[in-house]
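S.K.: Next one to model:
(2 chains)
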Amino acid sequence: MTPHILTRSLDRAATAFVLIVAAVGVLIPLSNLLLPQGSMFQVPTYLVALWGKYVCYAILALAIDLIWGYCGILSLGHGAFFALGGYAMGMYLMRQIGSRGVYGNPVLPDFMVFLNWDKLPWYWYGFDKFWFAALMVLLVPGLLAFCFGWLAFRSRVTGVYLSIITQAMTYALLLGFFRNDFGFGGNNGLTDFKDILGFNVQAEGTRAVLFLLSCLALIVAFLICRAIVTSKLGKVLIAVRDAESRTRFLGYRVESYKLFVFTLSACMAGVAGALYVPQVGIINPSEFAPGNSIEAVIWVAVGGRGTLVGAALGAVVVNYAKTFFTSGPLAPYWLFMLGALFILVTLLLPKGIVGTFNSWWEPIRARRNSPDAESAAREDGVGAPNPAE
Amino acid sequence: MNVMDTRATSAMLYLDGVHVSFDGFHAINNLSLTLAPGEMRAIIGPNGAGKTTMMDIITGKTKPDEGTVLFDGTVDLTRLDETRIAELGIGRKFQKPTVFESQTVQDNLLLALNVDHSVRGTLFWRGSKAESERIDKVLETIRLTDARNRLAGSLSHGQKQWLEIGMLLAQDPKVLLVDEPVAGMTDVETHLTAELLKEINKNHTIMVVEHDMTFVRELGVKVTCLHEGTVLAEGSIDQVSSNERVVEVYLGR
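M.R.: Here you go, the predicted model:
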């Protein structure tokens, strides 16, 4: 909002992150579109879509890091907000198909014709307009998170109990969306999309723009998170994470703070899901699977909890590994490897990749920046690894 | 009755006939206690006498089964929650020092300042000169100026206790509840803490729970001895420590 929030939040690492994401967002689509096919530097279209998926996952990871890394809320159901955002976008894309569907019904999506429905359910109204769908992408996950959080945080449900009910929430949604009479395509979900805002979703140009938009969304989400964690609000969040009841006795309304970041985080997850769906071309109930949400938490743990950059990096690294291993002979063992990765990171790199790097680099940088503060830094432990973690 | 009423309205803290039981265990039993504005009171008593539970009741963490708890003469504390009570001006230091370990000493004090505590207020917060001056002053009072940029987790035990007292000062409450401030401190630190509390008492009402009798004697204030959730004796340290019952249940012969 005010410029000082931005300047304060952009330190060197954050600026580097923004520039790298921006460069990737521009260069990958350009190389895909402009270079001749088969050239060494040409990024094939399938890779653009794949990396677009990674970028959406990175946004989801940021959303989780904001609440888990900074406020100590371990949500094991964030995949639900991601999927809801995805469904909202999917509904728009379904309505865009129009009479080009298999059954050629101008209003009803194919699965409704197949189920012999004679009119559109009320909750599908408005989704033929992009602005409405875009609003729902934010509103539906946000509203669910707000209601859920309002009940949970006010009753002071914390720690593992909160994690369990978030799992229950996403599982309940999974079961609901699996049902045909729920009105979202049941088991098969929503797919067979044709165009978005009049552009063919399969076209290379559209994919390139979607990739660029995903990178932009990642940058915006990152800047919002940075602005929050570097403000005084961020200090309060860390205080809540480390000593919730102490924070309350200082006169902070802890539940309001939790509700604020939880709702914001859900909206971010929704946007990630909405960008994900047109790039992968399908949304179905399996996105609500509890395992998905847990995997997203693992990305954050691997990259470094409470570092933001680490969360995004973790999402990309783990998913790249997933793509690499699941497309080779090691495919059947991927889940074992994911489990092992989580155990190894917890044991050997409890601060994740970025957190470990920071605690190794910070003392060196502090010494380099101020030679006379060197002795003081050693005595005082300035920049020492965070003992509370 | 009339006398009681005037006392109730002029008292900073007024507890009357308070009962609390946990699963049939009477933690607080018909407890009545009055703290005058500007007073410092030391609370002593054996383990399980209800000292910490009493603080829990005053700060809204525990709701009493029956009884009256009034703040500043009129405010009924039994109806309010922790945040509201803290906002009204009752600050608390816990038995185990609880500071925000992963944040700097300075940030700990910043968080404690009694300024806008709303989500919006903290999101768009900008430091002001008045705020940093207040933090400087508190840092000086608690002798942690040189450690202002250190992480609170790296402080010694005694320094953490002081930092927590400093956070109370930054909060600038009307009443400070201080639970065992010198537990685990060296003799020198204990002495300095007594000096610190006396200094703070010039502008604040204080209730301090402590086991260390040397420390309580050094404070030189009115003492209340609790036993089994009720007041056993009240008076100067000499009166209380010569009381037969107090010697029997607490001090030992």
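
S.K.: What strand or helix carries the most centrally placed residue in chain B?
M.R.: Nearest to the mean C-alpha position of chain B, counting by CA atoms, centre = their mean, stands B:L177 at 1.1 Å. Element membership for B:L177 (DSSP states H and E) is strand B:175-179.

S.K.: partners of that strand in the sheet?
M.R.: Strand pairing for strand B:175-179, determined by DSSP bridges: strand B:90-93 (parallel), strand B:205-209 (parallel).

S.K.: least reliable of those strands going by mean pLDDT?
M.R.: For these, the stretch scoring lowest in mean pLDDT is strand B:90-93; its value is a mean of 91.

S.K.: Is the very next helix or strand once past that strand in proximity to chain A?
M.R.: The first helix or strand that comes after strand B:90-93 along the chain, using DSSP H and E, is helix B:105-112. Yes: judged by CB under 8 Å from any CB of the partner chain, helix B:105-112 and chain A are in contact via B:107, B:110-112. The C-beta positions use only the backbone N, C-alpha and C, and glycine is treated the same way.

S.K.: Just give me the closest of these to A:G90.
M.R.: The closest of the residues of helix B:105-112 next to chain A to A:G90 turns out to be B:L111 (CB to CB; 43.2 Å).

S.K.: Assess the claim that that closest one and A:L237 are in contact.
M.R.: No: the criterion here is CB atoms under 8 Å, and B:L111 misses it with A:L237 at 10.8 Å.

S.K.: how distant is the strand holding B:L177 from the center of its chain?
M.R.: Centroid separation between strand B:175-179 and its chain, computed with CA atoms, centre = their mean, to the nearest Å, is 1 Å.

S.K.: now the angle from the helix or strand following that strand to strand B:175-179?
M.R.: Toward the C-terminus, strand B:175-179 is succeeded by helix B:187-201 as the next helix or strand (DSSP H and E). With axes from the mean of the first three to the mean of the last three CA atoms, to 10 degrees as the criterion, the two stretches helix B:187-201 and strand B:175-179 enclose an angle of 160 degrees.

S.K.: which regions of the chain sit below the pLDDT cut-off?
M.R.: Looking at chain A here, since you left the chain open. Across chain A, the ranges flagged by pLDDT under 70 are A:1-9, A:370-389.

S.K.: wrong one, chain B
M.R.: Within chain B, the stretches with pLDDT under 70 are B:1-9, B:253.

S.K.: Which residues of it lie near chain A?
M.R.: Of all the residues in chain B, those lying near chain A are B:59, B:61, B:82-83, B:86-87, B:91-92, B:94, B:98-103, B:107, B:110-112, B:114, B:117-119, B:122-126, B:147, B:149-151, B:153-154, B:167, B:171, going by CB under 8 Å from any CB.

S.K.: which of these count as buried?
M.R.: Buried by 16 or more other CB atoms under 10 Å in any protein chain shown: B:59, B:61, B:82-83, B:86-87, B:91-92, B:94, B:98-103, B:107, B:110-112, B:114, B:117, B:119, B:122-123, B:125, B:147, B:150-151, B:153-154, B:167, B:171, out of the residues of chain B next to chain A.

S.K.: List of residues touching stretch B:191-206?
M.R.: B:12-13, B:35-41, B:141-143, B:161-162, B:165, B:169, B:173-176, B:178, B:181-182, B:185, B:208, B:215, B:218-219 (CB atoms under 8 Å, 6 or more residues apart in numbering or on different chains).

S.K.: In ChimeraX, how would I select the buried members of these?
M.R.: Listed next is the ChimeraX selection for buried residues among the contacts of stretch B:191-206, using 16+ other CB under 10 Å:
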select /B:12,13,35,39,40,41,141,142,161,162,165,169,173,174,175,176,178,181,182,185,208,215,218,219
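
S.K.: ok, back up a step: the residue nearest to the centre of chain B and B:M55 touch, don't they?
M.R.: Yes: B:L177 is within contact range of B:M55, at 5.0 Å (criterion: CB under 8 Å).
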